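[1] the following block contains a protein sequence and its predicted model.
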Amino acid sequence: MVSCEDLHQIMLKNDLTFFTGIPDSTFKGWMNFLDKNPGKYFTNIKASNECEAIALASGYNLSSSKVGVVYMQNSGLGKTVNPLTSLCDTEVYSIPLLMMIGWRGEPETKDEPQHKKMGRITLPLLDVLEIEYELLPVGKEDIEKTISKAIDYIENNSRPYALIIKKGVIEEYNFDEQPTEKFELTREDAIKCIVDNLDDRYLIISTTGKTSRELFEYRLTKSEKPRDFYMVGSMGCSSSIALGIALQKPDKKILVFDGDGSAIMQMGNFATIGHYKPKNLYHIVFDNNSYDSTGGQSTVSDSVDFEKAALACGYASANTVKSKKDLIDLLNNISKLATPSLIVVKINQDSRKDLGRPTSSSLENKESFMEFLK
């Protein structure tokens, strides 16, 4: 394995000092290094989604003639197909950039269901896109040769190049956690509070990652059959799924469990929800200013006013709560809220180390949700 400090020196040697993207747990050590060392001879722009990251790196190249680095999970590679083919491609603007792609769902390895298909087609997809790639090797010297080779190719051909990164190639990065504002609730506390204070008339669509895992596990703890729609993958899409259901089933009350990172990733959803104004949709955003599932790297939610954004997009009401009492008071009066309604719950960056994963398949969970929806 290579240390983050050594990888940083290799990057500097190749004049790679501009980084942007969406974090991936496959190489979360490097993600944490970039997140926790702002201004240390490099720039790290926390993008809202992978398409934006490609465009940011393109803008960097246009203004500096230097190569930008875009990091992502291979699930995000699918999102980048449009800017890669219509912006960076040699048949359009021929913009060079280096991609660092975490390989989730690698064939012959155990992974979650949402990663299997993309894991299997990651390399073939790069072939179809006509993007050269190489697996990042393990040793420091080999990594240095690989990145140097990538830069030579990029500069000689003025086109993107991809480094595919397996888990365990880059070391973890240990850092001193800076004190942050402390709130009363964790996400799991908030989920339990909501489930306990609302009845079966409310159907829940929960975003991917630990949110769905915590909700699923709490249903089991309460000896209830899991009946919510537990998102796996498709980050940022939970509120759109909820809107599709809300418009089709106006007699049902629909709750969205969202995260700050996923809400920001697809913030255009706010505009669509606000335009169509479903009277039965409650959009709950758990805001801990972090990508919790990939290692706790910070989002840009500390500079986002979700309330004002929702109201500006046409939501009928928006509220923010920071304590259990305030959350319970709001839930007790939820039927009085003008809808569509946004509820931001400020939470701590914390989750259980022993948090499990759904014990039923995604297909079984879908069928249970559809049955409950009836």
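    It's in. Numbers count the residues shown, from 1 in each chain.
[2] where does the protein dip in pLDDT?
    177-181 (pLDDT under 70).
[3] spell out which residues make up each domain of it.
    Using automatic domain parsing, the domains assigned to the chain come out as 4-165, 187-373.
[4] adding mean neighbour count and distance to Asn174, write those out as TSV.
    For the C-beta atoms, the positions are set from N, CA and C on the backbone; glycine is no exception. As requested, those are arranged in TSV below (neighbours: other Cβ atoms under 10 Å; distance: least, Cβ to Cβ, whole Å):
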stretch	mean neighbour count	distance to Asn174
domain 4-165	19	9
domain 187-373	19	12
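[5] make a markdown table out of those and add distance to Glu172.
    Formatted as a markdown table, the domains of the chain follow (distance: least, Cβ to Cβ, whole Å):
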| stretch | distance to Glu172 |
| --- | --- |
| domain 4-165 | 4 |
| domain 187-373 | 9 |
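[6] which one of those domains lies closest to Asp176?
    Closest approach to Asp176 among the domains of the chain (Cβ to Cβ): domain 4-165, 8.5 Å.
[7] tell me which other helices or strands the longest helix seen in the chain touches.
    The longest helix of the chain (DSSP state H) is helix 140-157. Where contact means 3 or more Cβ pairs under 8 Å, 6 or more residues apart in numbering; DSSP states H and E, helix 140-157 is packed against helix 4-13, strand 97-102, strand 132-135, strand 161-165.
[8] now tabulate the ones you listed in JSON lines and tack on distance to Gly295.
    JSON lines is the format used below for the helices and strands packed on helix 140-157 (distance: least, Cβ to Cβ, whole Å):
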{"stretch": "helix 4-13", "distance to Gly295": "12"}
{"stretch": "strand 97-102", "distance to Gly295": "12"}
{"stretch": "strand 132-135", "distance to Gly295": "22"}
{"stretch": "strand 161-165", "distance to Gly295": "14"}
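[9] looking at the ones you listed, which is closest to Val300?
    With Cβ to Cβ as the criterion, Val300 lies closest to strand 97-102 of those, at 20.2 Å.
[10] so which elements touch the next helix or strand after the closest one?
    Downstream of strand 97-102, the next assigned helix or strand under DSSP states H and E is helix 113-128. The contact analysis (3+ Cβ pairs under 8 Å, 6+ apart) places helix 113-128 against helix 74-77, strand 132-135, strand 161-165.
[11] picking that back up, got the angle between the longest helix of the chain and helix 4-13?
    30 degrees (axes from the mean of the first three to the mean of the last three Cα atoms, to 10 degrees).
[12] for this protein, what spans make up the strands?
    Applying DSSP state E to the chain gives strands spanning 18-21, 43-46, 68-73, 97-102, 132-135, 161-165, 202-206, 229-230, 253-259, 281-287, 290-291, 297-298, 317-321, 341-346.
[13] can I get those strands in a markdown table with distance to Leu56?
    Below are the strands of the chain laid out as a markdown table (distance: least, Cβ to Cβ, whole Å):
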| stretch | distance to Leu56 |
| --- | --- |
| strand 18-21 | 5 |
| strand 43-46 | 6 |
| strand 68-73 | 7 |
| strand 97-102 | 10 |
| strand 132-135 | 21 |
| strand 161-165 | 17 |
| strand 202-206 | 30 |
| strand 229-230 | 32 |
| strand 253-259 | 22 |
| strand 281-287 | 23 |
| strand 290-291 | 17 |
| strand 297-298 | 17 |
| strand 317-321 | 29 |
| strand 341-346 | 26 |
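[14] quick one: which of the ones you listed is nearest Val2?
    strand 161-165 (10.7 Å).
[15] just give me how far that closest one sits from the chain centre.
    Relative to the centre of its chain, strand 161-165 is centred 20 Å away, using Cα atoms, centre = their mean, to the nearest Å.
[16] quick revisit: could the helices and strands packed on helix 113-128 go into JSON lines alongside distance to Ser238?
    JSON lines is the format used below for the helices and strands packed on helix 113-128 (distance: least, Cβ to Cβ, whole Å):
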{"stretch": "helix 74-77", "distance to Ser238": "15"}
{"stretch": "strand 132-135", "distance to Ser238": "31"}
{"stretch": "strand 161-165", "distance to Ser238": "27"}
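[17] do you know which of these lies nearest Cys51?
    That would be helix 74-77 among the helices and strands packed on helix 113-128, by Cβ to Cβ, at 8.7 Å.
[18] for that closest one, packing partners?
    Looks like helix 74-77 contacts strand 97-102, helix 113-128 (3+ Cβ pairs under 8 Å, 6+ apart).
[19] could these be laid out in TSV, adding distance to Asn61?
    Formatted as TSV, those follow (distance: least, Cβ to Cβ, whole Å):
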stretch	distance to Asn61
strand 97-102	7
helix 113-128	20
